[in-house]
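>>> Test case, fold it:
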Amino acid sequence: MAGATESGNAYKVVEIGDVTDQAVEAELNRWSREGYRFESIHFVTQPGNRRPAMAFLFFTRSETSAGG
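So this is what the prediction gives:
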């Protein structure tokens, strides 16, 4: 769930367990349509494995865009 801050921004963190280009693209498009702006992506890897086990997408949205 998005949390508002004193600065008037709402933050959204999305966890992706199936780290494929299609899954990442779908989440980017979904939250962009909701008015969120993509900030960054962070990958989690297992030792000895280069393929990400999961990813976290970080978004922000102005509270005025959220209707709050």
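>>> Just the residues contacting stretch 54-66, thanks.
For stretch 54-66, the surrounding residues in contact (C-beta atoms under 8 Å, 6 or more residues apart in numbering) are 2, 4, 8-17, 19, 24, 27-28, 31, 34-44. The way it works is simple: take the backbone N, C-alpha and C, and place the C-beta from them, glycine included.
>>> Also stretch 33-50?
Contacts for stretch 33-50 (C-beta under 8 Å, 6+ apart): 10, 12, 19, 24, 28, 31-32, 51-61, 65-66.
>>> immediately after the strand or helix carrying Asn29, which helix or strand?
Applying DSSP states H and E as the criterion places Asn29 in helix 21-33. Note on helix 21-33: by DSSP H and E, the next helix or strand toward the C-terminus is strand 37-45.
>>> what's Ile16 in contact with, if anything?
With C-beta under 8 Å, 6+ apart, Ile16 has these contacts: 23-24, 27, 54-57.
>>> Grab the nearest non-local neighbour of the residue positioned nearest the centre of the chain.
Among the residues of the chain, the one closest to the centroid is Leu57, at 2.7 Å (C-alpha atoms, centre = their mean). Leaving aside its chain neighbours, Leu57 sits nearest to Val14 (4.3 Å; criterion: C-beta to C-beta, 6 or more residues apart in numbering).
>>> The one you found - that's part of a strand, no?
Yes - under DSSP: H, G, I helix; E, B strand; the rest coil, Val14 sits within a strand.
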